[in-house]
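Asks: no sequence on this one, just coordinates:
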């Protein structure tokens with residue numbers, strides 16, 4: 001019996017962009033643009049900068065980057 005994760009992975013790995021309706025692609029694009037914009041604006045707030053410095057100090061040397069950060073690689 002497949003798990004829900006395996007079923008979803010099989011579906012996603014077989015999905016082609018042409019299979020996704022135009023309206024859904026447009027909405028997904030808008031959501032991604034909104035997410036990046038909010039993340040970049042949020043990164044300017046003092047508490048976000050504190051969280052970034054914490055991640056850079058305690059999670060240094062990994063493979064992820066913080067949006068709006070210094071470009072240092074941190075742990076996700």
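Replies: Great, that's in hand. Keep in mind that this is a model prediction, so the values were computed, not measured.
Asks: next SSE after the longest helix belonging to the chain?
Replies: Taking DSSP state H as the criterion, the chain has its longest helix at helix 22-42. Counting by DSSP states H and E, the next helix or strand C-terminal to helix 22-42 is helix 46-58.
Asks: any idea of the angle that next one forms with helix 22-42?
Replies: An angle of 90 degrees separates the directions of helix 46-58 and helix 22-42 when computed by axes from the mean of the first three to the mean of the last three CA atoms, to 10 degrees.
Asks: After helix 46-58, heading C-terminal, what element do we hit next?
Replies: Next element after helix 46-58 (DSSP H and E): strand 60-65.
Asks: how far out from the middle of the chain is that next one?
Replies: Averaged C-alpha coordinates place strand 60-65 at 14 Å from its chain's average position (CA atoms, centre = their mean, to the nearest Å).
Asks: Parallel or antiparallel, which strands does that strand pair with?
Replies: Its sheet considered, strand 60-65 pairs with strand 73-74 (antiparallel) by DSSP bridges.
Asks: thinking again about what came up before, outside of the longest helix of the chain, which residues touch it?
Replies: 17, 20, 48, 67, 68 (CB atoms under 8 Å, 6 or more residues apart in numbering). For glycine as for every other residue, the C-beta is placed from the backbone atoms N, C-alpha and C.
Asks: Kindly recompute the last result at 6 Å.
Replies: Helix 22-42 is contacted by residues 48, 67, 68 when judged by CB atoms under 6 Å, 6 or more residues apart in numbering.
Asks: Filter these down to the buried ones and hand me the ChimeraX line.
Replies: The ChimeraX selection below is limited to those of the contacts of helix 22-42 classed as buried (16 or more other CB atoms under 10 Å):
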select :48,68
